[in-house]
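Colleague: structure, please.
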Amino acid sequence: MLAAGIKTPVPLEELEIHLREEIEQRMELGFSAPQAFEAAIQQIGKANMLKPEFEKVEETKEARESKRSQIALIFSLCMFLLLFAAYFLFDSELTSGQRMSGLAAVATTVLFVYIGHLGYRLFPVILNWRARLITGLSGYLLYVLWVVVFVHIILPRLDFTVSQLFMAICWASTVPLGFLDGIILGLEKAAVKKTAMADS
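Modeller: The predicted structure is shown next:
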């Protein structure tokens, strides 16, 4: 199995357990140990024939993990945006213009995520999940850097009321986050679609 390139420990352990069970069943039927071993190997299949099956299992596992990460990303962004939306809808100190501006920031964020999800064909296909993870983490690092610059350099130079300050923070934090999440979702979906096309 290792010589055929099947290196994942869990499938190898499962295969070994299955092989041992097959050998035991044949020995109970009267086969000698070598005969039971050969018959069990024939039943399970040769290593070079099993390798594509293991690769499919690994790709399916990676697709599930990718789907989970997409769901977690969307869920956390939705919770973040719901807090902002609730503030804009229920804070009585905001003017109607500020409410509309805040809700527009939330809507723009959602739009960027949606465009990234739908426009996956425009993104490069990065099949290596580690490379996608590093790309996403680099994007979030840039986002954090932007927020720090905004809060420590840009905001102190502006003279805002409390509600105007919150509006500025909303636009400066949610919209770039939506843009970044749209890119990450687009990259994930482009990789998943490319893998699915290669399998079919």
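
Colleague: what's the domain layout of this protein?
Modeller: Domain assignment for the chain by automatic domain parsing gives 9-45, 59-199.

Colleague: I'd like the next helix or strand past the worst-scoring helix or strand of the chain on mean pLDDT.
Modeller: Of all helical and strand segments in the chain, the minimum by mean pLDDT, DSSP states H and E falls on helix 47-90, at a mean of 68. Once helix 47-90 ends, the next helix or strand along the chain (criterion: DSSP states H and E) is helix 96-118.

Colleague: and for that following helix, what are the contacting residues?
Modeller: Helix 96-118 is contacted by residues 74, 77, 81, 84-85, 87-89, 94, 123, 163-164, 166-167, 170-171, 174-175, 177-179, 181-186, 189 when judged by CB atoms under 8 Å, 6 or more residues apart in numbering. Every residue, glycine included, has its C-beta placed from N, CA and C.

Colleague: could you redo the last one with a cut-off of 7 Å?
Modeller: Around helix 96-118, the neighbours that count as contacts under CB atoms under 7 Å, 6 or more residues apart in numbering are 77, 81, 84-85, 88, 163, 167, 170-171, 174-175, 177-179, 181-183, 185-186, 189.

Colleague: for the spatially most distant residue from the centre of the chain, give its distance to Phe37.
Modeller: Note on the chain: the largest C-alpha distance from the chain mean falls to Gly30, namely 51.4 Å (CA atoms, centre = their mean). Between Gly30 and Phe37 the distance is 14 Å, computed by CB to CB, to the nearest Å.

Colleague: Gly119 - how many residues pack around it?
Modeller: 15 (other CB atoms under 10 Å).

Colleague: right, and it touches Gly186 too?
Modeller: Yes - if you go by CB atoms under 7 Å, Gly119 and Gly186 touch, sitting 5.9 Å apart.

Colleague: contact partners for the spatially most central residue of the chain?
Modeller: Nearest to the mean C-alpha position of the chain, by CA atoms, centre = their mean, lies Ser69 at 3.1 Å. Counting by CB under 7 Å, 6+ apart, Ser69 makes contact with Glu188.
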